[in-house]
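In: Quick check, what structure comes out for this input:
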Amino acid sequence: MHNRIMIVVAVAVLAGCTDRTGSPAAAGRQAQAHAMSPSARARADSIRADSASRAKIVRVPAPDVVRGLYVNRWAAIGRRMGQLIDLAKKTEVNALVIDVKDDRGFVLYKSRVALAIQIGADTNRAMSHTRLRAILDTMVAHRIYPIARIVVAKDPLLANAKLEWAIKRRDNLQPWLDKNGMPWLDPHQRGVWEYAANLAKEAYDLGFSEVQFDYVRFPDEKRLVRETLYPLANGRVRAQVIRDQLQYVRSALKPLAMPVTIDVFGLTATDTTDMGIGQKWEMFVDQADVVLPMVYPSHFAPGTYKIGNPNARPYATIDRAMKDVKRRTAGIPGAARIIPWYQDFTLGAPRYYAEQVRAQIKAGYDNGFHSWILWNPRSAYNAGALNPES
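Out: Numbers count the residues shown, from 1 in each chain. Down below sits the predicted model:
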């Protein structure tokens with residue numbers, strides 16, 4: 001299941017500095033071009049073309065009220081992308097959150113970020129830039145706000161390629177593996193966050209209006225603490241590490257005037273600890289422009305809020321969760337705007353239909369939260385839960 005963090009970002013540095021023809025730097029690049037392979041030259045030509053068209057990019061402005069849907073990478077590559085755009089055109093939906101880097105580490109399109117190229121992150125059925133341009137232009141034409149989702153710490157592709165960045169086992173210093181046998185990136189490592197920021201810059205440069213960071217955390221397994229060690233901690237607790245890294249990302253992106261948005265666990269506004277993952281409400285809520293708690297009723301344990309089965313009572317669960325969000329955020333200078341993620345998938349009884357989705361939305365409205373984004377891992381939504389376009 002996803003865990004996210006939304007953040008916007010821009011980049012004019014991807015193609016390097018501009019030099020006058022005949023300068024030493026330009027001559028050096030010409031020499032390099034002769035030594036390039038055909039594929040490398042094609043990539044360089046693409047970079048130059050993108051650089052030339054950068055000034056022509058039109059972006060959709062941020063809506064006052066965001067109502068969005070998540071689009072996984074496979075849906076974006078396939079026919080469902082067009083279907084979801086059509087759904088947005090006909091309903092109240094005005095934003096789509098599209099996987100630019102998913103939780104396996106794969107990038108949506110051919111990348112210009114050196115590390116992505118080095119580890120082959122853009123080699124798994126990468127979308128062409130022509131198709132990406134067509135999708136973004138269509139969204140601009142219909143004023144659908146495009147948000148790039150970038151997963152940070154859960155990236156087995158990068159963790160396997162750069163073992164020095166992976167979380168290590170305490171007993172043998174080998175990469176620690178989660179319950180699915182996958183390594184995780186160590187959130188202490190600055191390079192992990194720099195990579196995410198560079199991908200965010202690229203996404204903005206290509207025309208996304210906003211970038212959202214997910215998995216800005218440690219793995220959520222109880223055995224993590226006793227099995228792992230962190231040489232770069234320097235006495236910091238997990239929540240401080242996440243705060244420090246968010247400060248770094250925000251600082252790195254500030255010159256681009258892009259908002260930083262992040263996804264966090266839904267229970268973080270209720271739990272007073274960092275939940276073992278480094279997400280403590282007061283420690284991150286002022287380090288982003290938008291915070292998106294994933295308040296999925298199915299993810300709340302039986303008995304939470306004195307509700308026997310939170311999943312069976314979506315209104316009551318969201319109502320209590322968002323009341324805690326307001327309480328924990330009140331009085332914090334510079335606190336982020338809050339946009340909740342709601343559940344449009346079934347995980348246990350009862351099955352979720354339009355009624356259950358609208359119950360969550362209503363609970364948010366009743367607490368003053370008029371923006372929302374729906375999550376379905378297959379990007380298959382209950383169209384009946386969406387009001388017609390106003």
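In: contacts and neighbour counts: CA atoms only from here.
Out: OK.
In: Buried residues of the helix or strand encompassing Asp319, list them for me.
Out: According to DSSP states H and E, Asp319 maps onto helix 314-329. Buried residues in helix 314-329, counted by 16 or more other CA atoms under 10 Å: 314-325, 328-329.
In: Mind putting these into a markdown table with distance to Arg80 and pLDDT?
Out: Shown next, in a markdown table, are these (distance: CA to CA, whole Å; pLDDT from 0 to 100):
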| residue | distance to Arg80 | pLDDT |
| --- | --- | --- |
| Pro314 | 27 | 98 |
| Tyr315 | 29 | 98 |
| Ala316 | 33 | 98 |
| Thr317 | 31 | 98 |
| Ile318 | 29 | 98 |
| Asp319 | 32 | 98 |
| Arg320 | 34 | 98 |
| Ala321 | 32 | 98 |
| Met322 | 32 | 98 |
| Lys323 | 35 | 98 |
| Asp324 | 36 | 98 |
| Val325 | 34 | 98 |
| Arg328 | 38 | 97 |
| Thr329 | 37 | 98 |
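In: Each with direction, which strands does the helix or strand following the helix holding Asp319 pair with?
Out: Sequence-wise, the next helix or strand downstream of helix 314-329 (DSSP H and E) is strand 337-338. The pairing partners recorded for strand 337-338 under DSSP bridges are strand 290-294 (parallel).
In: average pLDDT for the strand it pairs with?
Out: Strand 290-294 shows a mean pLDDT of 98.
In: what's the answer for stretch 349-363, then?
Out: Computed over stretch 349-363, the average pLDDT equals 98.
In: chain center to it, what's the gap?
Out: 24 Å (CA atoms, centre = their mean, to the nearest Å).
In: do stretch 219-234 as well
Out: 23 Å.
In: where's His188 relative to Gly276, distance?
Out: 15 Å (CA to CA, to the nearest Å).
In: quick one, which of the two is more surrounded?
Out: It is His188, of His188 and Gly276, that has more neighbours when counted by other CA atoms under 10 Å, with 23 against 18.
In: circling back to that earlier point, generate CSV for the buried residues of helix 314-329, with distance to Pro183 as supplementary columns.
Out: Output for these, formatted as CSV (distance: CA to CA, whole Å):
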residue, distance to Pro183
Pro314, 34
Tyr315, 37
Ala316, 37
Thr317, 33
Ile318, 33
Asp319, 36
Arg320, 35
Ala321, 32
Met322, 33
Lys323, 36
Asp324, 33
Val325, 32
Arg328, 33
Thr329, 34
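In: so where's the stretch 201-350 of the chain uncertain?
Out: Along the stretch 201-350 of the chain, no part satisfies pLDDT under 70.
In: where along it do the strands fall?
Out: 210-214, 228-229, 261-265, 290-294, 337-338, 341-343 (DSSP state E, counting those that start in this stretch).
In: Compare those and give me the one nearest Val58.
Out: Nearest to Val58, of all these, is strand 210-214, at 13.0 Å by CA to CA.
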